[in-house]
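[1] Sequence first, then the predicted structure:
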Amino acid sequence: MAGRVHIVGAGLAGLACAVRLAKGGAAVTLHEAAGHAGGRCRSYRDPVLDCEIDNGNHLILSGNRAMLAYLAECGADGELWGPDEAIIPFLDPRTGERWAIRPNEGRLPWWLADPSRRAPDGGLRDHLGDLLRLRRAGADDTVAGLLGVSPLYPRFWRPLAVSILNTPGEEASAALLWRTLEESLALGGAACRPLFPRRNLGQTFVEPALAALQGLGAELRYHDRLRAILRDGKRARALDFGDGERRLGKDDVVVLALPPDATARLLPDLPALSVPFDHNPILNAHFRLDREVELPGGLPFLGVTGGDLVEWIFVRGELLSVTLSAAGEQAGEAAETTAPAIWREVAAALGLADNPLPPCRVVTERRATIAQTPAQAARRPAATAPGGNVLLAGDWTATGLPCTIEGAIRSGHRAAELTISNANVA
Ligand SMILES: Cc1cc2nc3c(=O)[nH]c(=O)nc-3n(C[C@H](O)[C@H](O)[C@H](O)COP(=O)(O)OP(=O)(O)OC[C@H]3O[C@@H](n4cnc5c(N)ncnc54)[C@H](O)[C@@H]3O)c2cc1C
């Protein structure tokens with residue numbers, strides 16, 4: 001490429017775009033408003049717990065192929081680990097019932113016929129019927145609208161929808177849920193193995209990318225918040241980071257890998273650019289225990305159904321972290337109220353009821369993802385929406401996938417491919 005690519009936003013979308021372009025030999029500058037990279041997928045030292053925590057538990061699967069390609073490009077393939085088989089364990093603390101979703105390895109889904117491998121509240125016909133309904137979901141269908149009457153809804157589809165889409169099943173887009181299943185359950189167990197960072201999110205997804213970029217000579221600028229794009233028609237001619245105009249060369253490209261509201265503010269005169277505006281929070285409560293605990297099933301994560309608050313429990317060493325998705329109600333409450341309520345539920349579920357509340361940190365990401373409803377999904381723009389030499393990336397753009405690590409990385413790769421193909425055409 002003749003020009004420089006200015007990637008704005010060092011979340012996973014921006015990092016994936018930067019790594020792919022820098023590896024291809026492009027001159028890259030990555031601008032990030034914060035003093036660190038990673039965006040909504042990061043780790044940091046927490047002074048109260050006196051250990052490294054992630055901003056939130058992230059569930060990833062072996063079918064996330066762009067994510068795996070990104071790690072390989074960063075030289076970080078060894079940073080994930082997981083069980084040899086596909087398994088997603090669940091517990092219903094009200095009844096003490098435990099079960100696990102265990103898809104067989106190949107594409108022919110014989111696991112659906114085996115009660116010990118599927119959700120407990122329905123038979124083969126229910127599972128198959130629900131999957132077929134989801135597969136045919138239209139753009140306006142919600143998960144509850146399609147599957148609300150299914151016996152599998154309360155303890156399978158509802159918790160699955162809210163954790164994948166961070167949106168209650170009554171509002172969540174059924175088509176988006178199907179897109180995830182199409183790339184996981186529908187491909188068989190090989191695509192459904194859960195994967196976990198060996199150390200933490202930062203050391204898996206962020207630090208290796210930064211090291212790769214530095215090695216490739218990319219320029220990394222922190223505390224560099226883009227405030228305005230100065231344009232001639234659709235073409236960006238200069239960027240304003242609050243220190244005067246930084247002029248762009250005639251072959252330079254700008255990739256905005258930013259949240260939707262920041263993107264819309266930078267492109268105010270593009271009436272055709274629709275962006276999603278509704279978001280849902282995710283709350284994570286991290287508890288520092290005085291010893292390691294093993295979760296039922298022996299894996300580092302556990303889905304909890306039927307409780308009032310807790311959806312997923314993850315453990316790493318002495319750290320036990322609990323996720324509440326679409327946590328609109330709890331996000332408004334004080335941590336002093338939320339933490340004991342969550343701990344009571346966790347302790348009861350895991351048989352730790354005698355243990356007093358351990359040191360805890362509650363992290364609420366208020367804009368964890370866009371609300372993944374049919375209406376908001378319809379507002380997701382294509383990478384090329386701004387036109388000229390400006391491209392969009394980010395999990396909320398029209399990747400066809402829910403807002404996930406996989407979606408964010410695919411959007412970054414797409415922006416990189418478009419940058420390269422546009423340069424070749426020019
Ligand atoms: C608590 C939580 C739990 C999650 N759980 C899962 C999960 O289980 N599985 C999964 O796959 N995904 C999960 N996700 C989603 C996943 O984290 C996101 O999809 C992904 O991190 C989004 O990356 P991004 O690069 O698109 O956006 P972001 O990470 O938001 O990156 C945008 C970047 O732009 C920067 N920025 C903003 N404005 C400016 C500006 N004007 N100039 C310069 N920089 C700017 C921001 O500081 C930020 O670094 C979760 C997210 C959260 C918050």
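    Arrived safely. Residues are numbered from 1 along each chain as shown.

[2] Let me know the distance separating Glu79 from the ligand.
    15 Å (CB to the nearest ligand atom, to the nearest Å). The way it works is simple: take the backbone N, C-alpha and C, and place the C-beta from them, glycine included.

[3] ok, now which ones touch the nearest residue to that residue once chain neighbours are set aside?
    Leaving aside its chain neighbours, Glu79 sits nearest to Thr204 (4.0 Å; criterion: CB to CB, 6 or more residues apart in numbering). Thr204 sits next to 71, 76, 79-80, 197-198 when contact means CB atoms under 8 Å, 6 or more residues apart in numbering.

[4] Mind pulling up the pLDDT for Thr204?
    Looking at Thr204, its pLDDT reads 98.

[5] Include pLDDT and secondary structure when you put the contacts of Thr204 into TSV, please.
    Output for the contacts of Thr204, formatted as TSV (pLDDT from 0 to 100; DSSP: H, G, I helix; E, B strand; the rest coil):
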residue	pLDDT	secondary structure
Leu71	98	helix
Ala76	97	coil
Glu79	96	helix
Leu80	97	strand
Pro197	97	strand
Arg198	95	coil
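
[6] So how do I select the buried members of those in ChimeraX?
    To isolate the buried ones among the contacts of Thr204 in ChimeraX, judged by 16 or more other CB atoms under 10 Å, type:
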select :71,76,79,80,197
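
[7] Please identify the one among the contacts of Thr204 that lies nearest to Asp224.
    Ala76 (24.7 Å; CB to CB).

[8] hmm, who's touching the helix or strand of the chain with the lowest mean pLDDT?
    Among the helices and strands of the chain, helix 328-331 carries the lowest confidence by mean pLDDT, DSSP states H and E, at a mean of 85. With contact meaning CB under 8 Å, 6+ apart, helix 328-331 is reached by 280-281, 283, 309, 324, 338, 364, 366.

[9] switch to 10 Å and redo it
    Residues from elsewhere that reach helix 328-331 (CB atoms under 10 Å, 6 or more residues apart in numbering): 168, 279-283, 285, 309, 324, 337-338, 341-342, 362, 364-366, 368, 371.

[10] Drop anything exposed from these.
    Using 16+ other CB under 10 Å, the buried members of those are 168, 279-283, 285, 309, 324, 338, 342, 362, 364-365, 368, 371.

[11] mind listing which of the residues you listed are in helices?
    338, 342 (DSSP state H).

[12] quick one: which of the buried ones among the contacts of helix 328-331 is nearest Gly317?
    Checking these one by one against Gly317 (CB to CB), the nearest turns out to be Ala285, at 16.5 Å.
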